[in-house]
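S.K.: with the sequence up front, the predicted model follows.
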Amino acid sequence: MSKIGAWLNEPEFNRWYFKWSLFDWIRAGVAVIAIRLIQAIPFQNTALGFLLGVLAVVIVAVLFGVRQRSAEFQPLIVIESPAGGKVPLFKIVKGFAYPSAALVQVLILAGKANDRRWFPQPDAEISRYGWTAKCRFGDASAPVTGWDFDFCAVIPRTRINDTVKDIPADAVVSQIIHVSLDRRLVDEDLP
């Protein structure tokens, strides 16, 4: 990425005024003109001046009313730990979600190479923006060390109850983390 491209992605550059469309700029111009016209009225200290001031505020409020911009705001979910490496059979996965989510699930990708599926874990416990989930990496009856797993956290629209081939397209997905099972490690919390 060029230096200019990196600079454009800086948080300081991603301000609201760089994201305005032409329509937003036209609305701003109309609002400024309305305010300037009200300020030019010679009877500002009268009831009529007060009513015109209120009218200007209403015009500005209508022009800059709260609009939902779904493309600008994307919910976020992040896994804080584990960040990779080796995990025991049972591991507590921690992270945060913004805005605070009603449902967070951890999905673990496992299976043979040609039939890998995402296995949902029990729902995470949510505390404001943070969440924790008790996860099982592997099969308790198979004492195998070295199995590899990928896992992620999701904010699904509806609870995922069964294994799935693909993560639902409408779910908000965290980063995908790769871990290896190490049965010599002590389980953090048995279910």
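M.R.: That came through fine.
S.K.: any low-confidence regions in the protein?
M.R.: 1-25, 27-28, 31-32, 34-46, 49-50, 53, 56-57, 59-73, 142-143, 189-191 (pLDDT under 70).
S.K.: care to break this protein down by domain?
M.R.: With domains defined by automatic domain parsing, the chain comprises 3-63, 76-181.
S.K.: quick one: buried residues of stretch 89-108?
M.R.: Under the neighbour-count criterion of 16 or more other Cβ atoms under 10 Å, stretch 89-108 has 89-91, 93-97, 101, 103-108 buried. Bear in mind the C-beta positions are built from the backbone N, C-alpha and C, glycine included.
S.K.: over to stretch 76-87?
M.R.: Within stretch 76-87, the residues that qualify as buried are Ile77, Ile79, Pro82, Lys86, Val87, counting by 16+ other Cβ under 10 Å.
S.K.: show me what contacts the fourth one?
M.R.: This means Lys86. Taking Cβ atoms under 8 Å, 6 or more residues apart in numbering, we find Lys86 in contact with Val179, Ser180, Leu181, Asp182, Leu185.
S.K.: now, those residues that are in strands?
M.R.: Val179, Ser180, Leu181 (DSSP state E).
S.K.: a markdown table for the residues you listed, including distance to Arg136 and neighbour count?
M.R.: Below are the ones in strands among the contacts of Lys86 laid out as a markdown table (distance: Cβ to Cβ, whole Å; neighbours: other Cβ atoms under 10 Å):
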| residue | distance to Arg136 | neighbour count |
| --- | --- | --- |
| Val179 | 12 | 21 |
| Ser180 | 15 | 14 |
| Leu181 | 10 | 22 |
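S.K.: all set, thanks.
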